[in-house]
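K.L.:
Mind looking at a prediction? Sequence and model below.
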Amino acid sequence: MSTCARIFAVFVGGATIVALGCSSSSQGTSGAAGTKGGAGNAAAGRGETGTGGAAGTGGGAGGGGGAGTGGAGTGAAGTTGTAGATGTAGATGTAGAAGAAGTGGTMADVGLGFKDTSASVLTRNKHETRDGHFIQPMLTFANLNGRLKGDTTFAPTFSGDLFGSPLYMEDGPAGKGAFFVATTSNDVYAFDETTGAVVWHHSTGRAPDASGAGCGNVAPVGIISTPVIDLATRTIFVAGGVGEASTIMHHEVHALSVDTGAERLGWPVDVSTLTAPDGTAFNTPAQNQRGALSLVNGILYVPYGGHAGDCNNYRGWVVAIKIADPTQIAAWATGGIGEGIWAPGGMASTGDGVFATTGNNTRPTTQHFDSEEVVHIRGMAQVDRTTGIFFPSVWMDMDLGDQDFGANSAVVFSLPGATPSILMAAVSKNGLFFLLDPANLGGMDGELARLNVGGPVKTVPVAYKTDVATYVLFTAQNALPYCPTGSPVSNSAVYSVAVAITPGSPPTAKVAWCRSGDLPQFMVTTSDGTHDAIAWYNSGGALAGLVADTGDLALVVSDLICASPRMTSPIAVKGRIVEVGSGRLCSYSLH
């Protein structure tokens, strides 16, 4: 006879706890206690199953498998340890304990009480939700007053341009923290967190000087995106083009040891030979890998779009690779020409696959294929078109005006008291802000709420919660007509826009504040999850911070000038702000 009890609780963006325990009756004594479950997978925070105890010869109850210890990623809890094996006499073997939830890393929380205080930054915007929220207890308004300065002795340099954001692993090579970057020249670096010295450097191959498709504005055309790190296997995944001087010959996905930079067995994966389920072939020179990589439940997701200029017959692609077995590869491609997935912020996740935003169809048609949409891609690149698609009814006008949805990534966050309580925000290039239900995207015009916020918009939105409200923050041009009365006028017509989301059924959205003058990409710090909220960005080479509830300028740090490329975001690590400069990383800390 056996009995099982299941306990299920969810903190989306925090820990997802799933426990299943069973006890089995027998005449045998229990074996010894099971061994402890392995470290959790960073993408889902999943502890491995504890093994059962060996058969005993007599005595007390058998101990179950030990608790699986969560890795740095949050998400699903460790699975149940196996019960002790039956002995020849004695008490019933007990079920293994459920693994503990992961303690930080890839999923995030806005408002559910989970507080990710982990130091590691393993993916773009800290979490696979792409919320861009970092808890930094030292970065309070009181502490920052005149004390935040540039770290002039920390000046790691690299070859090529860096268009992605840096990553950080606390327990890096030799057990010490390290920063990681991947550049357009296909150079991947690990830097010592203290000195900035190169710990290791790896080249993934020759980066072409041109795409070979007839357009593009990046040269060389190597790694343009933000990588992702799997803490459990201590692997960093990067993707980019390799080839000859004048053309991309292959699009490759590499897996490198975070300790040495060496390529993992079975990698790289060449996606250039893939075909979509409808038979569409991957057009290697025409495709461009710009969006940040995602790692969810052991599956690596890599998005593709086209090059600047929309030349040749590219499509939007999402490639799915099982990291435990890179021979298991699948892909989804858009139904129409163009419809690229190129937002630098990558794809957002609730812990179940990813949500991609697509661009305009470059061969306009009256039939909607997959342009101007949010699409939920699950598992090995599967799409349920009943619940997994959203697009506005103005999609045809957006196609004709090159107002592609795919210019911006989506962001996932939670809002207690709202129905639904797990939400997604997405902004199109033409300035339409949509609030969506990620469990059912709703098809055409299936949004929960819609706002006009100006435009054009090319941004990586972030989400955060304070005692005042839950916000989505991004940048937009020509936003003034949609800003609160009294908002400052900008000569450049560029605004930072904060949208406040109010609980309800459905929830509602309104522009809470605007600030003029910059076109930054943000990240937000709080001291404890809600207080001392500061929105950080690069302002003309200086580091600037806004009061995240009002948009008022909190501080500018200009003793270290760091000209940052567009579409990169700073990160926060152990009380430091680290951002990308021209050929280097820049660091700021309390002095």
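P.N.:
All right, it came through fine. Numbers count the residues shown, from 1 in each chain.
K.L.:
going forward, measure contacts between C-alpha atoms and count neighbours the same way
P.N.:
Fine.
K.L.:
and the next element down the chain from the longest helix seen in the chain?
P.N.:
Using DSSP state H to define each element, the chain has its longest helix at helix 395-400. Using DSSP states H and E, the helix or strand that follows helix 395-400 in sequence is strand 411-414.
K.L.:
Can I get the next helix or strand after that following strand in PDB, CA atoms only?
P.N.:
Per DSSP H and E, the first helix or strand lying C-terminal to strand 411-414 is strand 422-427. This file holds the C-alpha atoms of strand 422-427, laid out as PDB (Å, rounded to 0.1, in the frame of the first residue of the first chain):
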ATOM      1  CA  ILE A 422       0.700  37.200 -13.400                       C
ATOM      2  CA  LEU A 423       1.000  39.800 -16.200                       C
ATOM      3  CA  MET A 424       3.000  40.700 -19.200                       C
ATOM      4  CA  ALA A 425       3.700  44.200 -20.600                       C
ATOM      5  CA  ALA A 426       4.700  44.700 -24.300                       C
ATOM      6  CA  VAL A 427       5.300  47.900 -26.200                       C
END
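K.L.:
about what we covered before: residues of the longest helix of the chain that come out buried?
P.N.:
395-396, 398-399 (16 or more other C-alpha atoms under 10 Å).
K.L.:
Dump these to a markdown table, plus distance to Ala308.
P.N.:
Listed next are the buried residues of helix 395-400 as a markdown table, based on distance: C-alpha to C-alpha, whole Å:
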| residue | distance to Ala308 |
| --- | --- |
| Trp395 | 21 |
| Met396 | 21 |
| Met398 | 17 |
| Asp399 | 16 |
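K.L.:
and those as CSV, adding distance to Ala142 and pLDDT?
P.N.:
Formatted as CSV, the buried residues of helix 395-400 follow (distance: C-alpha to C-alpha, whole Å; pLDDT from 0 to 100):
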residue, distance to Ala142, pLDDT
Trp395, 48, 97
Met396, 51, 96
Met398, 46, 94
Asp399, 49, 94
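K.L.:
returning to what we had before: distance between the longest helix of the chain and the chain's centre?
P.N.:
28 Å (C-alpha atoms, centre = their mean, to the nearest Å).
K.L.:
going forward can the numbers begin at 538, since that is how I track them
P.N.:
Got it, first residue is 538 now, which makes that one helix 932-937.
K.L.:
Surely Thr720 and Thr694 touch.
P.N.:
No. Checked against C-alpha atoms under 8 Å, the pair Thr720 and Thr694 is beyond contact range at 11.2 Å.
K.L.:
From the buried residues of helix 932-937, pick the one nearest Leu1090.
P.N.:
Met935 (34.7 Å; C-alpha to C-alpha).
K.L.:
more crowded one of Thr720 and Thr694?
P.N.:
Between Thr720 and Thr694, Thr720 has the larger neighbour count (other C-alpha atoms under 10 Å), namely 27 against 17.
K.L.:
got the contact list for that one?
P.N.:
695-701, 759-761 (C-alpha atoms under 8 Å, 6 or more residues apart in numbering).
K.L.:
Find the residue closest to it in space, skipping its chain neighbours.
P.N.:
Leaving out its chain neighbours, the residue that sits closest to Thr720 by C-alpha to C-alpha, 6 or more residues apart in numbering is Leu699, at 4.8 Å.
K.L.:
so who does the one you found touch?
P.N.:
For Leu699, the contact set (C-alpha under 8 Å, 6+ apart) comprises 718-721, 761, 1102, 1117, 1119-1120.
K.L.:
quick one, domains of this structure?
P.N.:
Structurally, the chain divides into domains by automatic domain parsing as follows: 538-641, 670-1127.
K.L.:
So what does Leu988 have for phi and psi?
P.N.:
phi -130, psi 150 (degrees, to the nearest 10).
K.L.:
Counting neighbours, what do you get for it?
P.N.:
That count, for Leu988 with other C-alpha under 10 Å as the rule, works out to 17.
K.L.:
Test my guess that it contacts Ala1037.
P.N.:
No. The pair Leu988 and Ala1037 fails to qualify as a contact (C-alpha under 8 Å) at a distance of 11.4 Å.
K.L.:
Now for these two: what residues contact both?
P.N.:
Contact criterion C-alpha under 8 Å, 6+ apart; residues shared by Leu988 and Ala1037: 1046-1047.
K.L.:
confidence score at the most centrally placed residue in the chain?
P.N.:
The chain has Glu665 as the residue nearest its centroid, 3.3 Å off, counting by C-alpha atoms, centre = their mean. Looking at Glu665, its pLDDT reads 96.
K.L.:
Hmm, Gly882 and it touching each other?
P.N.:
No. Shown here, Glu665 and Gly882 do not form a contact pair, counting by C-alpha under 8 Å, at 10.1 Å.
K.L.:
about what we covered before: of the contacts of Leu699, the lowest pLDDT goes to which?
P.N.:
Ranking the contacts of Leu699 by pLDDT, Pro1102 lands last with 71.
K.L.:
so what's it closest to, chain neighbours aside?
P.N.:
What sits nearest to Pro1102 in space, not counting adjacent residues and going by C-alpha to C-alpha, 6+ apart, is Phe700, at 6.4 Å.
K.L.:
now swap in Trp1050 and tell me
P.N.:
Ala1035 (5.4 Å).
K.L.:
Repeat that for Pro703.
P.N.:
With C-alpha to C-alpha, 6+ apart as the criterion, Pro703 has its nearest non-adjacent residue at 5.2 Å, and that residue is Val718.
K.L.:
likewise Gly968?
P.N.:
Gly992 (4.3 Å).
K.L.:
circling back to that earlier point, using JSON lines, lay out the contacts of Thr720 together with distance to Lys686 and secondary structure.
P.N.:
Putting the contacts of Thr720 into JSON lines (distance: C-alpha to C-alpha, whole Å; DSSP: H, G, I helix; E, B strand; the rest coil) gives the following:
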{"residue": "Phe695", "distance to Lys686": "23", "secondary structure": "coil"}
{"residue": "Ser696", "distance to Lys686": "26", "secondary structure": "coil"}
{"residue": "Gly697", "distance to Lys686": "27", "secondary structure": "coil"}
{"residue": "Asp698", "distance to Lys686": "25", "secondary structure": "coil"}
{"residue": "Leu699", "distance to Lys686": "23", "secondary structure": "coil"}
{"residue": "Phe700", "distance to Lys686": "24", "secondary structure": "coil"}
{"residue": "Gly701", "distance to Lys686": "24", "secondary structure": "coil"}
{"residue": "Gly759", "distance to Lys686": "33", "secondary structure": "coil"}
{"residue": "Ile760", "distance to Lys686": "31", "secondary structure": "coil"}
{"residue": "Ile761", "distance to Lys686": "29", "secondary structure": "coil"}
